[in-house]
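Q: Quick check, what structure comes out for this input:
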Amino acid sequence: MAARNKEQDKPRDPRATLALLWGEQEQPTRGPKPKLSPQQIAAAAVELADAEGLDAVSMSKVAGGFGVSAMALYRYVPGKNELVELMVEAVLAGGPDLSGVPEGDWRAGAREWTRQCARVYADHPWLLTATAMRRQIMGPRQLRWLDAALAALEPTGLGGAQRHQVFLLLIGLVRNQAQQLRDHDEEHDREWNRLTGDLLARHADRFPALTKAVAEGAFDPAGTAPLDFGLDRILDGVEALTAVRE
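A: The predicted structure is shown next:
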């Protein structure tokens, strides 16, 4: 634990991180030929995080997978913070692909973008922590996702600031869904539902609205998918906003 915290607390050089993410770092002209690359190291770290979670990722553990010391990795990646940034870039490599969206159909574009983004978060639960809402240093693939979202919304006629606000709503929905998926425990949910049902049965008069909602299937897992419901409401709101502007 102490070693991991030391890795995380190491001061970062934003310029070095940007150069690393964008592949613009200076290459050494002397010394032995590199045997690894930042991309190889990031791929190994992603595999580890997918299997064991982000907390399991450390420079020493990733290095062990290559049969080298942790110090050997610092030749390629300055520390864990930078490694996490590279990991985010690695899992965003496959998209977004909006080539199948009809031209000018901003609802279809925003919907497809959101669904593809949600799949990435579902496939890599640690991404929620790695991309916690903070001022990040963004690589080209992160910016490509942002660019694609803004481009999909251009047919709305909204200005850049409003399109960005819509993007924040969409990514917020994705992150909320990812949090629910990460926290989901089927056995725990069954027990919670049983205990809550018993409790409400005894105190229905104190919580009439909640009791009624439960009886109407408010917590039924077979109901409308939360992502689709939230996405439809966001897009309905954007459509109403565009109608006001016309």
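Q: which residues touch the longest helix belonging to the chain?
A: The longest helix of the chain (DSSP state H) is helix 160-183. Residues from elsewhere that reach helix 160-183 (CB atoms under 8 Å, 6 or more residues apart in numbering): 110, 113-114, 117-118, 121-122, 125, 127-128, 131, 146, 149-150, 153-154, 156, 158, 226-227, 230-231, 234, 238, 241. C-betas here are computed from N, CA, C, even on glycine.
Q: now the angle between helix 160-183 and the following helix or strand past that helix, please.
A: Next helix or strand after helix 160-183 toward the C-terminus (DSSP states H and E): helix 186-202. Relative orientation of helix 186-202 versus helix 160-183 (axes from the mean of the first three to the mean of the last three CA atoms, to 10 degrees): 90 degrees.
Q: In terms of secondary structure, what does helix 186-202 contact?
A: Counting by 3 or more CB pairs under 8 Å, 6 or more residues apart in numbering; DSSP states H and E, the packing neighbours recorded for helix 186-202 are helix 208-215.
Q: what packs against the helix it packs on?
A: helix 186-202.
Q: Rounded mean pLDDT for the helix it packs on, please.
A: Mean per-residue pLDDT for helix 186-202: 76.
Q: Give me the contact list for that helix.
A: 207, 210, 211, 214, 219.
Q: Which one of those is nearest to residue 65?
A: residue 219 (42.1 Å; CB to CB).
Q: Give me the three-state assignment for residue 24.
A: Under DSSP: H, G, I helix; E, B strand; the rest coil, the three-state class of residue 24 is coil.
Q: That one - how many residues pack around it?
A: Burial of residue 24 is recorded as 9 neighbouring residues (other CB atoms under 10 Å).
Q: What sits closest to it if chain neighbours are left out?
A: residue 18 (7.5 Å; CB to CB, 6 or more residues apart in numbering).
Q: helix or strand right after the worst-scoring helix or strand of the chain on mean pLDDT?
A: Least confident helix or strand of the chain, by mean pLDDT, DSSP states H and E, is helix 2-9 with a mean of 45. Going down the chain from helix 2-9, the next helix or strand is helix 14-21, by DSSP H and E.
Q: What residue in the chain is the furthest from its centre?
A: The centre of the chain is farthest from one residue, residue 205, which by CA atoms, centre = their mean lies 41.2 Å away.
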